[in-house]
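Enquirer: Prediction below, plus the sequence it came from.
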Amino acid sequence: MMSFSRQQGELNIEGCAVSALAERFGTPLYLYSRAAIEQAWRAYDAAFADREHLICYAVKANANLAILQLLAKLGSGFDIVSGGELERVLKAGGQPQKIVFSGVGKSRAEITRALEVGILAFNVESEAELERISEIAQALGKTAAISLRVNPDVDARTHPYISTGLKDNKFGIDIHRAGAVYAHAAQLPGLNITGLDFHIGSQLTEIEPLVDALSRSLALVDRLAEQGIILEHLDIGGGLGIAYQDETPPTPAALATAIKPLLANRPQRILMEPGRAIVGEAGLLVTQVEYIKTGHRDFAIVDAAMTDLLRPALYDAWQRIETVDAGQGEARFYDIVGPVCETADVLGRERHLALAPHSLLAVFDAGAYGFAMASQYNARPRAAEVLVDGNQAHIIRHRESLESLWQGEVLLEPS
Ligand SMILES: Cc1ncc(COP(=O)(O)O)c(C=O)c1O
Ligand SMILES: N[C@@H](CCCC[NH3+])C(=O)O
């Protein structure tokens, strides 16, 4: 189904006019299409339907409770990287037995809580972490299911800030050392070795690096089997990109087709950790023009900022920006900038748009790492989030109040 369409030039999300939602909920505003999220998740699920698998949605991409709830209802598992994400998933109705826990810095409290609720597996990122998990599990009288996140040293060919599978990156255990670390794990009390995991980076537009990482990992799986360590699952991470501009990222079906020959005759259950590919294309950030400032460069100053959508400022990322209506007046090349006092506060540069004061703009493909990376810098309340389902719009996060900005802060006693 088409989640975004135009009627007489007006942008719609599912059965709702974006301008009406902006009027009702205010701007800046995140809008998500329920159908688009479900469709993306189901496409992943269908691609691997012919073998045992579990899609563990990467919560960091968009951690709104209603979105997690929607995915939990579809049967999704979850990839978490903090105790906060764990509690979000549980609150949203996610099953502990479908949670994998990644991240290089798991604290004692986080490990303890994950053991108490009984997660599917820890994706262990260092030998020191392995020892910590063993110690805590033993003290609690529990057994921790673990998989090692290996760093396969492949170039994911993506932005260096979101590349995670090179040996220079902090993530995972060097694949050449992993055999020894598995052997160590087999000696430690309180651990049950169940899997192997890798995640080489985000916004991948090519399949080869993933295939390469998988074949290197499978060679390790075979060496482990010779040592008597038999794995139950292989977690191939997330990372499939979306088409922000003119990229042609592989679909989940193409990924499945590419890796199936490698997996033939291997009994392991396949786990995946997609984030962006599930929610990225489902979201829009809607913002209103506050001022138009023309001169040496033409600026459209809008009410959304890098605090609402950080990706352009942080990675120089390009996201499509269109007017919500058909456009007003003559089109010019505008830099779309926010009100924050930073030169990097840009949503898009040199966009050819027909704008007037108060025009509404939609920033597309903002469902992943959009609201999730929002901040309150410059004392800006974070935006509202709305989930659209046909012609229904559900508020799934209220716009923050000014009071919430200083919640938890304490004034000094007058002296
Ligand atoms: C361990 C891990 N798994 C999964 C993901 C999800 O990545 P993506 O949103 O690119 O699918 C990430 C983020 O890059 C990650 O760090
Ligand atoms: N935040 C990044 C992706 C980071 C992935 C997390 N390892 C982005 O917006 O592209």
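Expert: Received the coordinates, thanks. Numbers count the residues shown, from 1 in each chain. Ligands and ions are numbered 1, 2, ... in the order given.
Enquirer: residues contacting whatever residue of the chain ends up closest to ligand 2?
Expert: As assessed by Cβ to the nearest ligand atom, ligand 2 sits closest to Tyr369 within the chain, at 3.1 Å. Any C-beta I mention is one placed from the backbone N, CA and C, and that applies to glycine too. Counting by Cβ atoms under 8 Å, 6 or more residues apart in numbering, Tyr369 touches 60-62, 275-276, 280, 310-311.
Enquirer: which SS state does it fall under?
Expert: coil (DSSP: H, G, I helix; E, B strand; the rest coil).
Enquirer: Mind putting the contacts of Tyr369 into TSV with neighbour count?
Expert: Output for those, formatted as TSV (neighbours: other Cβ atoms under 10 Å):
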residue	neighbour count
Lys60	22
Ala61	25
Asn62	28
Gly275	24
Arg276	27
Gly280	28
Leu310	20
Arg311	23
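Enquirer: Show me where this structure dips below the pLDDT cut-off.
Expert: Scanning the chain for pLDDT under 70 picks out 1, 162-163, 165.
Enquirer: And the strand ranked longest in it, how far out from the chain middle?
Expert: Assignment by DSSP state E gives strand 283-293 as the longest strand of the chain. The chain centroid and the centroid of strand 283-293 are separated by 24 Å under Cα atoms, centre = their mean, to the nearest Å.
Enquirer: which secondary structure elements does it contact?
Expert: The contact analysis (3 or more Cβ pairs under 8 Å, 6 or more residues apart in numbering; DSSP states H and E) places strand 283-293 against helix 18-25, strand 29-33, strand 299-302, strand 360-363.
Enquirer: wait, what's in contact with the closest residue to ligand 1 within the stretch 301-415 of the chain?
Expert: Closest residue of the stretch 301-415 of the chain to ligand 1, Cβ to the nearest ligand atom: Ala368 (5.9 Å). By Cβ under 8 Å, 6+ apart, the contact list for Ala368 reads 61-62, 242, 275-276, 278-280, 283.
Enquirer: what subset of the residues you listed is also close to ligand 1?
Expert: Residues of the contacts of Ala368 in contact with ligand 1 (Cβ under 6 Å from any ligand atom): 61, 275-276.
Enquirer: Helices - which of those residues land there?
Expert: Using DSSP state H, Arg276 are the members of the ones next to ligand 1 among the contacts of Ala368 that sit in helices.
Enquirer: Let's have the ones next to ligand 1 among the contacts of Ala368 in TSV, adding distance to Ile37.
Expert: Shown next, in TSV, are the ones next to ligand 1 among the contacts of Ala368 (distance: Cβ to Cβ, whole Å):
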residue	distance to Ile37
Ala61	11
Gly275	12
Arg276	12
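Enquirer: and of the ones next to ligand 1 among the contacts of Ala368, the nearest to Ala379?
Expert: Among the ones next to ligand 1 among the contacts of Ala368, Ala61 lies closest to Ala379 (Cβ to Cβ), at 26.3 Å.
Enquirer: How much space separates that closest one from Phe364?
Expert: Computed as Cβ to Cβ, to the nearest Å, the Ala61 to Phe364 distance reads 16 Å.
Enquirer: repeat for Glu116
Expert: Distance from Glu116 to Phe364, by Cβ to Cβ: 41 Å.
Enquirer: Show me the helices in the stretch 201-350 of the chain, by range?
Expert: Along the stretch 201-350 of the chain, the stretches classed as helices by DSSP state H, counting those that start in this stretch are 208-226, 252-263, 276-279, 311-315.
Enquirer: winner for burial among these?
Expert: Of all those, helix 276-279 has the most neighbours on average by mean count of other Cβ atoms under 10 Å, namely a mean of 30.
Enquirer: And the contacts of that one?
Expert: 32, 37, 40-41, 44, 57-58, 61-62, 67, 71, 202-203, 238-242, 249, 252, 367-369.
Enquirer: The same query, at a cut-off of 7 Å, please.
Expert: Helix 276-279 is contacted from outside by 37, 40-41, 57, 61-62, 67, 202-203, 240-242, 252, 367-369, using Cβ atoms under 7 Å, 6 or more residues apart in numbering.
Enquirer: Kindly report the same for stretch 21-35.
Expert: Residues contacting stretch 21-35 (Cβ under 7 Å, 6+ apart): 1, 3, 13-14, 18, 67, 70, 282-288, 303-304, 308, 360, 366-367, 370-371, 383-389, 393, 395, 399.
Enquirer: Quick check: buried residues in it?
Expert: For stretch 21-35, the neighbour count (16 or more other Cβ atoms under 10 Å) marks 21-22, 25, 27-35 as buried.
Enquirer: May I have it as PDB, with CA atoms only?
Expert: C-alpha atoms of stretch 21-35 as PDB (Å, rounded to 0.1, in the frame of the first residue of the first chain):
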ATOM      1  CA  LEU A  21      -2.600  16.800  11.400                       C
ATOM      2  CA  ALA A  22      -0.100  19.700  11.700                       C
ATOM      3  CA  GLU A  23      -3.100  22.000  12.500                       C
ATOM      4  CA  ARG A  24      -4.400  19.500  15.100                       C
ATOM      5  CA  PHE A  25      -1.100  18.500  16.800                       C
ATOM      6  CA  GLY A  26       1.200  21.500  16.000                       C
ATOM      7  CA  THR A  27       4.700  21.400  14.600                       C
ATOM      8  CA  PRO A  28       7.400  20.200  14.700                       C
ATOM      9  CA  LEU A  29       5.600  16.900  14.500                       C
ATOM     10  CA  TYR A  30       6.600  13.300  13.800                       C
ATOM     11  CA  LEU A  31       4.100  11.200  11.800                       C
ATOM     12  CA  TYR A  32       4.400   7.500  11.300                       C
ATOM     13  CA  SER A  33       2.400   5.200   9.100                       C
ATOM     14  CA  ARG A  34       1.300   2.100  10.900                       C
ATOM     15  CA  ALA A  35       0.800   0.200   7.600                       C
END
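Enquirer: Fine by me, thanks again.
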